[in-house]
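Enquirer: from the sequence below, what's the structure:
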Amino acid sequence: MNGWLQDLHYALRQLRKSPGFTLTAALTLAMAIGANAVVFGVMNGLVLRPLDVPEPQSLYSIERVGNQDTSQSYPDYLDLRERNRSFKDLAAYGIPQVGLDAGHGPVATWGLEATGNYFDVMGIQPWLGRFFHASDEHGPNSAPFIVLSYAFWHSQFQDDRSVLGRILQVNKHPFTIIGVAPPTFRGSLVFYSPNFYVPVVNREQVDGVNDLSDRGSRELLQVIGHLKPGVTRPQASADDIPGLAI
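Expert: Residues are numbered from 1 along each chain as shown. Got it, this is the predicted structure:
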């Protein structure tokens, strides 16, 4: 131990004598650590953290043929659901950033705005409380409910089970906490972990725009669903609206 301390003191003295070298070494280490963190993030997304949903192998998204664009307007999504013959059901979601105020001032955070059947299509159960469902939707701004991710509930509310029924301000609009997602569920995108989930019918309050009836609003929703047993991907592509692919 004495020898190790002497070596450490000697190294520190040498670093103080060469501040330029010390700065270069520190920057090099920082860049190396940052690169490793990025690599781990990619590996974590691709390999270490697959989507934790039942039957992930049958979960597909729908995109437009040619430009690999996976976004759909809300009317397009409704058409897809109505004409669907290949999926058990279809859900849709978008990614909003909001100012969320739990009583200590608003903080910017990212979440998911989803159709009422989103959690049913994913096939998961809440850790606490309940999820919102299609039966909660009764037109624009009719479902001011919010589901917290487990990680957000743990970090911001210290696992307080009494949060159910509490009112949060989402972009200055009141939303009632109705549930907490299970610990391993991090949404339906591999590289994105939302902190909360809200119904897309409240998009006007969440995003400040009222475009759910606008078929030209293409940058809105991702459409996903589980294929029915026995249905292949080529069959599903042939069954759906022309110009779209699975």
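Enquirer: once you drop chain neighbours, what's closest to Y93?
Expert: Spatial nearest neighbour of Y93, excluding adjacent residues (Cβ to Cβ, 6 or more residues apart in numbering): A114 at 4.1 Å. Bear in mind the C-beta positions are built from the backbone N, C-alpha and C, glycine included.
Enquirer: if I look at that neighbour, how far off is W153?
Expert: Distance of A114 to W153, computed by Cβ to Cβ, to the nearest Å: 18 Å.
Enquirer: mind checking pLDDT for S58?
Expert: On pLDDT, S58 comes in at 88.
Enquirer: how many residues are close by E55?
Expert: Residues contacting E55 under the criterion other Cβ atoms under 10 Å number 11.
Enquirer: ok, Q125 next?
Expert: If you count neighbours by other Cβ under 10 Å, Q125 ends up with 12.
Enquirer: hang on, it in a helix?
Expert: No: the assignment for Q125 (DSSP: H, G, I helix; E, B strand; the rest coil) gives coil, which keeps it out of a helix.
Enquirer: and it, what does it touch?
Expert: Going by Cβ atoms under 8 Å, 6 or more residues apart in numbering, Q125 touches P182.
Enquirer: kindly state the pLDDT recorded for it?
Expert: Per-residue pLDDT puts Q125 at 96.
Enquirer: next: the one 5 residues further on.
Expert: According to the predicted model, the pLDDT of R130 comes to 98.
Enquirer: hang on, the earlier thing: who's the residue nearest to Y93 bridged to?
Expert: With DSSP bridges as the criterion, A114 is bridged to Y93, P199.
Enquirer: surely it meets P96?
Expert: No: A114 is beyond contact range of P96, at 10.5 Å (criterion: Cβ atoms under 8 Å).
Enquirer: which neighbours do those two have in common?
Expert: In contact with both A114 and P96: V198, using Cβ under 8 Å, 6+ apart.
Enquirer: which one's more surrounded, these two?
Expert: Set A114 next to P96 and count neighbours by other Cβ under 10 Å: A114 wins out with 28 against 20.
Enquirer: please tell me how far the more buried one sits from F191.
Expert: Going from A114 to F191 by Cβ to Cβ gives 18 Å.
Enquirer: same deal with A236?
Expert: Between A236 and F191 the computed distance is 24 Å (Cβ to Cβ).
Enquirer: among those two, which residue is more densely surrounded?
Expert: Shown here are A236 and F191; by other Cβ under 10 Å, A236 has more neighbours (20 against 12).
Enquirer: who touches the residue nearest to Y93 in this structure?
Expert: By Cβ under 8 Å, 6+ apart, the contact set of A114 is A91, A92, Y93, G94, Y197, V198, P199, V200.
Enquirer: try it again at 6 Å.
Expert: Y93, Y197, V200 (Cβ atoms under 6 Å, 6 or more residues apart in numbering).
Enquirer: could you do F196 as well?
Expert: With Cβ under 6 Å, 6+ apart, F196 has these contacts: G111, I146, L148.
Enquirer: restricted to helices, list those.
Expert: Among these, no residue falls in helices (DSSP state H).
Enquirer: which of those has the largest number of neighbours?
Expert: Neighbour-wise, the contacts of F196 (other Cβ under 10 Å) top out at L148, 27 neighbours.
Enquirer: these two touch, right, that residue and A181?
Expert: No: L148 is beyond contact range of A181, at 7.0 Å (criterion: Cβ atoms under 6 Å).
Enquirer: who touches the most centrally placed residue in the chain in this structure?
Expert: The centroid of the chain falls nearest to P194 when counting by Cα atoms, centre = their mean (3.6 Å). With contact set as Cβ under 6 Å, 6+ apart, P194 has these partners: G111, L112, G187.
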